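K.L.:
generate a structure from the sequence data that follows.
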Amino acid sequence: MINIESFFEIMTDVLEEEIDSLGFQFDDDIWSSIAVVSCLAEFDDQFDILLDGDKLSNCKNIDEVYKLLIEAK
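P.N.:
Numbering: from 1, shown residues only. Model prediction:
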């Protein structure tokens, strides 16, 4: 099971924004290709989950990213 606090911590570190809810919306400045690649690496390291980079980059908010992780587990 993916610990939601660990997920929020990863997203806070990667995006350099305080993430504490699944309702957080991305904008182009925050959700860059560097952020996506960093998330891919962190999710692999912390949760042993490899996500599709295209699917991840198409996410519009934290909830969509979290759902991708849950589906991939």
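K.L.:
going forward, measure contacts and count neighbours with C-alpha atoms only.
P.N.:
Fine.
K.L.:
residue contacts, Glu17?
P.N.:
When contacts are counted by Cα atoms under 8 Å, 6 or more residues apart in numbering, Glu17 is found next to Met11.
K.L.:
what's the pLDDT at it?
P.N.:
pLDDT recorded at Glu17 is 92.
K.L.:
quick one: secondary structure of it?
P.N.:
coil (DSSP: H, G, I helix; E, B strand; the rest coil).
K.L.:
okay, it and Met1: tell me how far apart.
P.N.:
According to Cα to Cα, to the nearest Å, Glu17 stands 24 Å off from Met1.
K.L.:
packing partners of the longest helix seen in the chain?
P.N.:
Identified as the longest helix of the chain according to DSSP state H is helix 33-47. In this structure, helix 33-47 makes packing contacts with helix 4-15, helix 53-57, judged by 3 or more Cα pairs under 8 Å, 6 or more residues apart in numbering; DSSP states H and E.
K.L.:
residues near Ala35, how many?
P.N.:
Neighbour count of Ala35, defined by other Cα atoms under 10 Å: 18.
K.L.:
isn't it right next to Glu16, touching?
P.N.:
No. Counting by Cα atoms under 8 Å, Ala35 stays clear of Glu16, with 9.7 Å between them.
K.L.:
picking that back up, hey, C-alpha coordinates of the longest helix of the chain in CSV?
P.N.:
Output of helix 33-47 as CSV, limited to C-alpha atoms (Å, rounded to 0.1, in the frame of the first residue of the first chain):
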residue,chain,number,x,y,z
SER,A,33,9.3,17.7,-17.8
ILE,A,34,11.9,17.8,-15.0
ALA,A,35,9.2,17.4,-12.4
VAL,A,36,7.8,14.4,-14.2
VAL,A,37,11.2,12.7,-14.5
SER,A,38,11.9,13.4,-10.9
CYS,A,39,8.6,11.9,-9.9
LEU,A,40,9.3,8.8,-12.0
ALA,A,41,12.6,8.3,-10.2
GLU,A,42,11.2,8.9,-6.7
PHE,A,43,8.2,6.6,-7.3
ASP,A,44,10.5,3.9,-8.5
ASP,A,45,12.9,4.4,-5.6
GLN,A,46,10.3,4.8,-2.8
PHE,A,47,7.4,2.6,-4.0
